[in-house]
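A.B. asks: Sequence plus predicted model, see below.
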Amino acid sequence: MVLTDFSWHEDELVTFLPILLTIVFFVIFWFTSKSPKIKTWFYNKYDTDQASLWHITFGRVIGFLSMCILPGIICLIYLPEYSLADYGLTYKPETIQFTIFWSFVLSLLVIPLAFISAQKPKNLVTYPMIRARVWDNKIFILNALGWALYLFGYEFLFRGILLFPLAEHLGVWNAIAINIALYSATHIPKGLEETIGALPLGTVFCLLTLASGTIWIAFVAHVAMAWTNSFTALKFHPEIHYKRAPK
């Protein structure tokens, strides 16, 4: 009879904690940002366009706090041997050319794909996420900044906290397998196409992140994709239009 050893080993915290934090804080973000009560509060306080703007912006700020600030603080406290630089939040002169090159190349690849996908009717059901019927400069800028803030937190959690410690202690491919499994799972509510697409994209993000030692390639490419999708959907959505400021 084989007995399972349930004893806790101190070095297991390095892999256990990042996985636990990723699951817990993504769940916190998701159910907070999707809370019907919170959404109702915004729509009772503001008119429809402003309610949509501030509700989505609130969700993105919550995403930044729950996927960057809070897990980052916990990791710094309970894994003191790791600094922010060890999670990829750093500048590496030795890989800067690699980072710039692949940020540019990956953006060139994802932008046309996002542009084509964003025009599809099924995509327009969800995007742009801010469902204001009339967009102005304020909504345009807050949408862009909100995406960047949210995706910074998202990439710090998935390509930083969840990737580097696991790659060091479990091996690169085990770490990538865990990473893309959780990354793909977060896309399930967005449908089969995005869930499947997250598998190869997540793999590429992980490989380039580990090769560069930073999260910047994944962050730049992800922002480029999100902005393209969002603003293309804005252009082609039949019920939403952009109102230019008077000269």
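C.D. replies: Arrived safely. Numbers count the residues shown, from 1 in each chain.
A.B. asks: Would you check how far apart F98 and S212 are?
C.D. replies: 6 Å (Cβ to Cβ, to the nearest Å). Using the backbone N, CA and C atoms, a C-beta is placed for each residue, glycine as well.
A.B. asks: Neighbour count for those two, which is higher?
C.D. replies: S212 (23 against 16; other Cβ atoms under 10 Å).
A.B. asks: Phi and psi next, for that one.
C.D. replies: For S212, the backbone dihedrals (degrees, to the nearest 10) come out as phi -90, psi -20.
A.B. asks: and P121, how many neighbours?
C.D. replies: Using other Cβ under 10 Å: P121 sits among 9 other residues.
A.B. asks: from what I can see T195 touches H187, true?
C.D. replies: Yes. Checked against Cβ atoms under 8 Å, the pair T195 and H187 is within contact range at 4.5 Å.
A.B. asks: Return the residues in contact with C206.
C.D. replies: C206 makes contacts with R159, L163, A175, I176, N179, I180, as judged by Cβ atoms under 8 Å, 6 or more residues apart in numbering.
A.B. asks: Serialize those to CSV and add fields for pLDDT, neighbour count and distance to C206.
C.D. replies: Listed next are these as CSV, based on pLDDT from 0 to 100; neighbours: other Cβ atoms under 10 Å; distance: Cβ to Cβ, whole Å:
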residue, pLDDT, neighbour count, distance to C206
R159, 97, 27, 7
L163, 97, 28, 6
A175, 97, 22, 7
I176, 97, 22, 5
N179, 97, 24, 5
I180, 96, 20, 7
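A.B. asks: Quick check: closest non-adjacent residue to the residue nearest the centre of the chain.
C.D. replies: For the chain, Y154 is the residue whose C-alpha lies nearest the centre (Cα atoms, centre = their mean; 3.3 Å). Spatial nearest neighbour of Y154, chain neighbours left out: M67 (5.6 Å); criterion: Cβ to Cβ, 6 or more residues apart in numbering.
A.B. asks: which ones are touching that neighbour?
C.D. replies: By Cβ under 8 Å, 6+ apart, M67 lies in contact with F25, F26, F29, G153, Y154, F156, L157.
A.B. asks: Between the residues you listed, which sits nearest V110?
C.D. replies: Within the contacts of M67, distances to V110 taken as Cβ to Cβ reach their minimum at Y154, with 15.2 Å.
A.B. asks: Can you tell me the SS state at the closest one?
C.D. replies: Under DSSP: H, G, I helix; E, B strand; the rest coil, the three-state class of Y154 is helix.
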